[in-house]
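Colleague: Need a 3D model of the following:
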Amino acid sequence: MERLDSGSAVPARLRGAIVALGNFDGFHLGHQAVVGRAIERARARGRPAIVATFDPHPQRYFRPDSEPFRLTTLDQRQRLFAEAGADAMLVLHFDAALAALGARGFAESRLVAEIGAGGVVTGDDFTFGRGREGDVSMLAALGAELGFTADVVPAVTLDGATISSSRIRELLREGQPRAAAALLTRPFAVQGVVEHGAKLGRTLGYPTANLRLANYLRPAYGVYAVRGRLGDGRILDGVANLGIRPSIDPPIELLESFFFDFSGDLYGQVIEVALIEYLRPEAKFDSMDAMTVQMDADSVAARAALLG
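Modeller: Predicted coordinates:
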């Protein structure tokens with residue numbers, strides 16, 4: 001799967017593509033329906049399928065002081081789009097130039113000139129152009145004029161409620177990773193480079209792989225049953241603390257994962273850690289012995305949760 005950056009014309013072999021257009025952060029069931037429709041249309045018409053996503057998220061551009069809220073990185077989205085069957089991912093860089101484009105300007109310069117889109121597929125709540133002046137009706141009208149088809153996919157619901165990234169974020173903040181996973185169709189996962197830490201866990205018999213949360217949403221702080229994926233594809237079960245480690249000075253926000261029955265050096269490697277079950281909130285301990293007793297109990301609870 002190719003990864004393309006906006007600013008230059010799409011290669012000739014990908015022009016005329018059917019384009020799924022949206023933020024697609026999290027790539028939940030609703031997003032999957034949009035991308036799936038684009039791929040279906042592309043295959044039926046003998047064209048390539050491109051997923052166009054925005055980075056940074058428009059909210060980050062307009063409200064730079066927003067708390068971190070991303071559910072996926074670009075690398076994660078690229079892998080998910082590829083697994084869905086897309087031929088390429090196009091990253092539309094959301095900057096001052098893009099923000100200043102009106103709806104017509106966006107359609108003419110990006111969809112037609114840059115991409116050469118043969119068709120565009122969006123969700124029914126999609127808006128575009130300066131001040132969100134364009135909606136799906138305007139997109140269809142512009143497509144008829146400029147030579148591309150416009151397809152709209154209605155919202156996807158589960159148990160009577162519309163699936164949205166906002167709802168998924170809310171569930172994760174509430175410590176409900178399994179409920180969030182039902183909407184995502186997979187557990188929420190943090191991907192990053194394993195860093196060196198204070199190595200306190202090693203002295204307690206719980207060596208951890210430490211990841212920064214960077215631009216990811218902050219789920220509820222606490223202890224989780226987790227499942228890690230290494231760069232070589234191995235899957236490891238484990239238990240992790242996500243938070244600021246209140247028993248340790250200075251407090252540092254990390255996702256610290258201890259993988260069961262694993263021995264090896266992960267420093268400097270890119271891994272992905274999926275949050276499977278929330279076990280308890282973070283706690284401050286009076287002694288290292290008390291912390292170790294609780295870590296033992298957490299490991300037992302995590303193993304049990306991962307069997308479910």
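Colleague: This structure: helices as residue ranges?
Modeller: Secondary structure of the chain by DSSP state H: the helices cover 29-45, 58-62, 74-84, 96-100, 103-106, 136-146, 165-173, 177-184, 200-203, 288-307.
Colleague: a markdown table for the ones you listed, including mean pLDDT?
Modeller: Output for the helices of the chain, formatted as a markdown table (pLDDT from 0 to 100):
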| stretch | mean pLDDT |
| --- | --- |
| helix 29-45 | 98 |
| helix 58-62 | 90 |
| helix 74-84 | 97 |
| helix 96-100 | 93 |
| helix 103-106 | 97 |
| helix 136-146 | 98 |
| helix 165-173 | 97 |
| helix 177-184 | 98 |
| helix 200-203 | 59 |
| helix 288-307 | 93 |
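Colleague: Nearest to residue 248, out of the ones you listed?
Modeller: Smallest distance to residue 248 across the helices of the chain (CB to CB): 6.6 Å, for helix 200-203. C-beta coordinates here come from the backbone N, C-alpha and C atoms, glycine included.
Colleague: Run through the neighbouring helices and strands of the longest strand along the chain.
Modeller: Of all segments of type strand in the chain, defined using DSSP state E, the longest is strand 270-280. Judged by 3 or more CB pairs under 8 Å, 6 or more residues apart in numbering; DSSP states H and E, strand 270-280 is in contact with helix 177-184, strand 189-193, strand 209-211, strand 222-229, strand 235-243, helix 288-307.
Colleague: circling back: rebuild the helices of the chain as TSV, extending it with mean neighbour count and distance to residue 258.
Modeller: Shown next, in TSV, are the helices of the chain (neighbours: other CB atoms under 10 Å; distance: least, CB to CB, whole Å):
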stretch	mean neighbour count	distance to residue 258
helix 29-45	20	32
helix 58-62	15	32
helix 74-84	18	23
helix 96-100	12	43
helix 103-106	18	47
helix 136-146	17	47
helix 165-173	18	21
helix 177-184	20	18
helix 200-203	14	7
helix 288-307	15	7
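Colleague: And the ones you listed: which comes nearest residue 228?
Modeller: Comparison of those against residue 228 by CB to CB identifies helix 288-307 as nearest, at 11.3 Å.
Colleague: tell me the angle that closest one makes with strand 235-243.
Modeller: Using axes from the mean of the first three to the mean of the last three CA atoms, to 10 degrees, the direction of helix 288-307 lies 130 degrees away from that of strand 235-243.
Colleague: got the CA positions of helix 288-307 in CSV?
Modeller: Provided in CSV are the C-alpha atoms of helix 288-307 (Å, rounded to 0.1, in the frame of the first residue of the first chain):
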residue,chain,number,x,y,z
MET,A,288,7.8,-1.4,47.7
ASP,A,289,6.6,-4.6,49.4
ALA,A,290,3.0,-3.4,49.3
MET,A,291,3.4,-2.4,45.6
THR,A,292,4.8,-5.9,44.8
VAL,A,293,1.9,-7.6,46.5
GLN,A,294,-0.5,-5.5,44.5
MET,A,295,1.4,-6.2,41.2
ASP,A,296,1.2,-9.9,41.9
ALA,A,297,-2.6,-9.6,42.3
ASP,A,298,-2.8,-7.4,39.2
SER,A,299,-1.0,-10.1,37.1
VAL,A,300,-3.4,-12.8,38.3
ALA,A,301,-6.4,-10.5,37.5
ALA,A,302,-4.9,-9.6,34.0
ARG,A,303,-4.3,-13.3,33.1
ALA,A,304,-7.9,-14.1,34.0
ALA,A,305,-9.3,-11.1,32.0
LEU,A,306,-7.3,-12.1,28.9
LEU,A,307,-8.9,-15.5,28.9
